[in-house]
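sharing a sequence plus its predicted fold:
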Amino acid sequence: MRGRWCRAAVVAGVLTMATATAMAMAMTGLERGPERAGRPVGALTWTDCGGGFECATLRVPLAHRRPGEQVGIAVIRLPASGGAGERIGSLVVNPGGPGASGVEYARAARVVLGAEVRKRFDVVGFDPRGVGRSAPVECLSDAELDAFVALDGTPDTAGERLALEEGARRFAEGCRRRSGRLLPHLGTVDVARDLDRLRQALGERRLTYLGKSYGTLLGAVYASLFPGRVRAMVLDGALDPGGSRVRLGVEQAAGFERALRAYAEDCLAAGGCPFRSRTVGGAVQEVSGLLRRADERPLRGDGRRRVTQAVAVLGLLGPLYDRALWPELTETLRRAFQGDGALLLRNADQLTGRHDDGTYSNETEANMAVNCADGPHPRQPATYGRNAAAARERAPRFGPYLVWSSLPCAYWPHPPALGPVTAKGAAPILVIGTERDPATPYAWARRLAGELGSGVLLRYRGDGHTAYSSGSRCVDEVVEGYLVAGVAPEDGAVCPGIG
């Protein structure tokens, strides 16, 4: 369950997941206004939706600064299991992405949250605007998405580069054509304002929130807009909103490289590995060879689709998110080295939201749309090429792909709207960083905690993407004690790894 829900989407690349410091000079999306109630928000009307859950729809303005047209936000809650005297309030959760469904994440509350948290809080999830059941953004048909995902993400020739540029342009144009009225209003600032309306509709004076991966950016933006409305906020697997796009992209790619080496070391020590080499360096070079072969001649897939290099990269990234998925990676590589890419294809499908029947959720489209809305993005393809070449030096297997994967944002029809975060005056905000997190490197958590005026850093000496509910009793006790009592640990506290 953890591997499914604790991921930062890489379909659009990390270079579209965080913002450059220079944005502060050009954008005012995080201007903090007076923290008055504004227009009243009515209470939600809940209906039973199975499994002990209740569902509702929250109406929010499409454009918060120009109230008029509204969109519906899908909301779900699992009522607190404790008695009336034990219930504290509502805990709003977000699993990241952007593009992942908060409704589906909340449905997994009995797995991803501790019993004490579920006893004391109603667990509330929502699909952010543009995602899932909340005015979903649409860009391409299922067949077009198949073709887009399979595009060569590390172009070696002029023809491959031209095909990638044309595919990126078609993606952006498809979003404009099919979802044009939504595109200017899909950024994290808009979602944060929706989140505050949800807080009001839940009857909460202040927000209690758990955000993972991209959900940490949403939480940080909310706290910057409404610092006085934060009760308790856990940001696990943090993004760094203040870093340059190239630096962040290279750092994420390097995180996946570290995870690959850690996997190879573990696999070689345990035995039963698919590698011919008996050294970590030799093993990762075998992975490089596999990717080169897939680039030259795609592997067998599912009988209809072949496994291109881009699909193979996605198929490796998926199980690198979580140490618990490393046995799956072993079998994936074993079969891939024999020319069978079926498991790589399965892993890539899970990461991109493709179902067994060939249809897609809108995770890939929403991921791109939100990232491009947050921006900023180079407008010239040549810039991506130069950045990809630089990324190859530090992260040869994953760096160029992550740089090129945000290319549709070069053709985006609207400017970005996200600025720096500070959250000055907010209650203590708990920021968790995992030392060997492949998708959101520990350095990002350290920097985010420093950027937030009230950030408190918890360091987890472990592997995998995000730390809470991943097997560390130490992390779980800190998080749950903080959510329940509102008492943060000492800044810089450390939890040991497991295993």
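Perfect, I can see it now.

which neighbouring elements make contact with the longest helix along the chain?
The residue-count maximum for a helix in the chain (DSSP state H) belongs to helix 245-270. Helix 245-270 makes packing contacts with helix 280-296, helix 309-320, helix 326-337, helix 381-394, helix 399-404, strand 429-436, helix 442-451 when contacts are defined by 3 or more CB pairs under 8 Å, 6 or more residues apart in numbering; DSSP states H and E. C-betas here are computed from N, CA, C, even on glycine.

figure out how far the longest one is from the centre of its chain.
So that's helix 280-296. 27 Å (CA atoms, centre = their mean, to the nearest Å).

strands along this structure, start to end?
For the chain, the strands defined by DSSP state E occupy 47-48, 54-61, 70-78, 89-94, 121-126, 207-212, 230-236, 429-436, 455-463, 493-495.

turn these into JSON lines, including distance to Glu328 and mean neighbour count.
What follows is these, written out as JSON lines (distance: least, CB to CB, whole Å; neighbours: other CB atoms under 10 Å):
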{"stretch": "strand 47-48", "distance to Glu328": "36", "mean neighbour count": "10"}
{"stretch": "strand 54-61", "distance to Glu328": "33", "mean neighbour count": "19"}
{"stretch": "strand 70-78", "distance to Glu328": "29", "mean neighbour count": "21"}
{"stretch": "strand 89-94", "distance to Glu328": "26", "mean neighbour count": "26"}
{"stretch": "strand 121-126", "distance to Glu328": "27", "mean neighbour count": "26"}
{"stretch": "strand 207-212", "distance to Glu328": "21", "mean neighbour count": "27"}
{"stretch": "strand 230-236", "distance to Glu328": "23", "mean neighbour count": "26"}
{"stretch": "strand 429-436", "distance to Glu328": "18", "mean neighbour count": "25"}
{"stretch": "strand 455-463", "distance to Glu328": "15", "mean neighbour count": "23"}
{"stretch": "strand 493-495", "distance to Glu328": "26", "mean neighbour count": "17"}
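
what segments of the stretch 1-150 of the chain are helices?
Along the stretch 1-150 of the chain, the stretches classed as helices by DSSP state H, counting those that start in this stretch are 2-5, 23-26, 102-107, 109-112, 115-120, 142-150.

tabulate these (CSV), appending mean neighbour count and mean pLDDT.
Below are the helices of the stretch 1-150 of the chain laid out as CSV (neighbours: other CB atoms under 10 Å; pLDDT from 0 to 100):
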stretch, mean neighbour count, mean pLDDT
helix 2-5, 20, 42
helix 23-26, 14, 26
helix 102-107, 24, 97
helix 109-112, 18, 96
helix 115-120, 18, 97
helix 142-150, 18, 96
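
wait, which of the ones you listed is closest to Arg258?
Ranking the helices of the stretch 1-150 of the chain by their distance to Arg258 (criterion: CB to CB) puts helix 2-5 first, at 17.6 Å.

before we move on, the earlier item: what would the strands of the chain look like in CSV with mean pLDDT?
What follows is the strands of the chain, written out as CSV (pLDDT from 0 to 100):
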stretch, mean pLDDT
strand 47-48, 98
strand 54-61, 97
strand 70-78, 97
strand 89-94, 98
strand 121-126, 98
strand 207-212, 98
strand 230-236, 98
strand 429-436, 96
strand 455-463, 96
strand 493-495, 97
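
among these, which comes closest to Phe398?
Closest among the strands of the chain, using CB to CB: strand 429-436, at 15.1 Å.

report the angle between that closest one and strand 207-212.
Strand 429-436 runs at 10 degrees relative to strand 207-212, counting by axes from the mean of the first three to the mean of the last three CA atoms, to 10 degrees.

which residues does stretch 482-497 contact?
Stretch 482-497 has contacts (CB atoms under 8 Å, 6 or more residues apart in numbering) with 88, 91, 116-117, 120-121, 208, 210, 231-232, 234, 427-430, 435, 449, 455-463, 467, 472, 474-475, 478, 481.

reformat the helices of the stretch 1-150 of the chain as a markdown table; add distance to Arg394.
Output for the helices of the stretch 1-150 of the chain, formatted as a markdown table (distance: least, CB to CB, whole Å):
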| stretch | distance to Arg394 |
| --- | --- |
| helix 2-5 | 25 |
| helix 23-26 | 24 |
| helix 102-107 | 32 |
| helix 109-112 | 33 |
| helix 115-120 | 39 |
| helix 142-150 | 25 |
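
any idea how far Thr216 is from Gly497?
21 Å (CB to CB, to the nearest Å).

and those two? which has more neighbours close in?
Remark: of Gly497 and Thr216, Thr216 carries more neighbours, 31 against 17, as counted by other CB atoms under 10 Å.

identify the residues contacting the more buried one.
Neighbours of Thr216 in contact, by CB under 8 Å, 6+ apart: Gly96, Leu235, Asp236, Gly237, Ala238, Leu239, Val431, Thr440, Leu448.

repeat the analysis, applying 10 Å as the threshold.
8, 94, 96, 210, 233-241, 429, 431-432, 440, 444-445, 448, 466 (CB atoms under 10 Å, 6 or more residues apart in numbering).

kindly report the same for Leu62.
Remark: with contacts taken as CB under 10 Å, 6+ apart, Leu62 is in contact with Gly68, Glu69, Gln70, Val71, Arg129, Ala135, Arg181, Leu182, Pro184, His185, Asp190.

and with 8 Å instead?
Leu62 is in contact with Gly68, Glu69, Gln70, Val71, Arg181, Leu182, His185, counting by CB under 8 Å, 6+ apart.

can you verify my assumption that Pro319 contacts Leu344?
No. At 9.9 Å, Pro319 does not count as touching Leu344 under the criterion of CB atoms under 8 Å.

hey, what's in contact with both of these two?
By CB under 8 Å, 6+ apart, the residues touching both Pro319 and Leu344 are Thr332.

any idea how far the residue nearest to Leu217 when sequence neighbours are not counted lies from Asn371?
In space, not counting the residues next to it along the chain, Leu217 is nearest to Leu239; the distance is 4.6 Å by CB to CB, 6 or more residues apart in numbering. Separation of Leu239 from Asn371 (CB to CB) stands at 11 Å.

and if you look at Gly497?
When Gly497 is compared with Asn371 (using CB to CB), they lie 31 Å apart.

same thing with Ala147?
20 Å.

I'd say Pro416 and Pro376 touch.
Yes. Assessed by CB under 8 Å, Pro416 is found in contact with Pro376 at 4.8 Å.

quick check: mean pLDDT of stretch 326-337?
Average pLDDT, stretch 326-337: 97.

so the longest helix of the chain versus helix 326-337, what angle?
Using the same axes, to 10 degrees: helix 245-270 against helix 326-337 is 90 degrees.
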